[in-house]
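Enquirer: Following is a predicted model, sequence given first.
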Amino acid sequence: MSTHIELFCALHFVLIGLSHLFRHKEWAEVINKLERLESGGAFLSGMVSLTMGSVIVVFHNVWTEASVVLTVIGWAMVLKAAMWLLFPALGKKSLAQGQAMSSNKLRVAGGALIALAVYCMICALFFSSEASISA
């Protein structure tokens, strides 16, 4: 199952990363709109983080080998979600800082997500304890 989650994350990370690279102005607009929603923006972002993070920690709680990186990212997403959902002022503050994010920083974030997608793909294909990938 962990191989499937690594591939699932690779797909998500590469698409979101490419979107950050090529649609950075729209991402800046989304961050601005979330910040204007007050606590609602923190709740929305927290729910997105909780969804992805909980999928990772439930199906990929691997603490060995190269795959540990994805597990740590999953737990970080769950922690972020818990903080933003329980203390939305923290999320609002973070969104306000993100509102000032430049297009270049969004592109860097996109590049980092693409690199993470490649890392997940490498883990799935070369470091997985599962014998093969099957549907």
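Expert: It's in.

Enquirer: so how many other residues sit close to residue 8?
Expert: For residue 8, the tally of surrounding residues (other CB atoms under 10 Å) stands at 17. Glycine gets a C-beta too; all of them are placed from N, C-alpha and C.

Enquirer: now residue 121
Expert: Residues near residue 121, counting by other CB under 10 Å: 17.

Enquirer: what about it, which SS state?
Expert: helix (DSSP: H, G, I helix; E, B strand; the rest coil).

Enquirer: do residue 63 as well
Expert: Under three-state DSSP, residue 63 comes out as coil.

Enquirer: Next one: it from residue 75, what distance?
Expert: 10 Å (CB to CB, to the nearest Å).

Enquirer: Same check on residue 8?
Expert: 17 Å.

Enquirer: now for the lowest-mean-pLDDT helix or strand in the chain, which elements pack on it?
Expert: Sorting the helices and strands of the chain by mean pLDDT, DSSP states H and E puts helix 88-99 at the bottom, at a mean of 83. The contact analysis (3 or more CB pairs under 8 Å, 6 or more residues apart in numbering; DSSP states H and E) places helix 88-99 against helix 24-36, helix 39-59, helix 68-86.

Enquirer: Who are the packing partners of the first one?
Expert: Here helix 24-36 is seen to pack against helix 39-59, helix 88-99, helix 103-122 when contacts are counted using 3+ CB pairs under 8 Å, 6+ apart.
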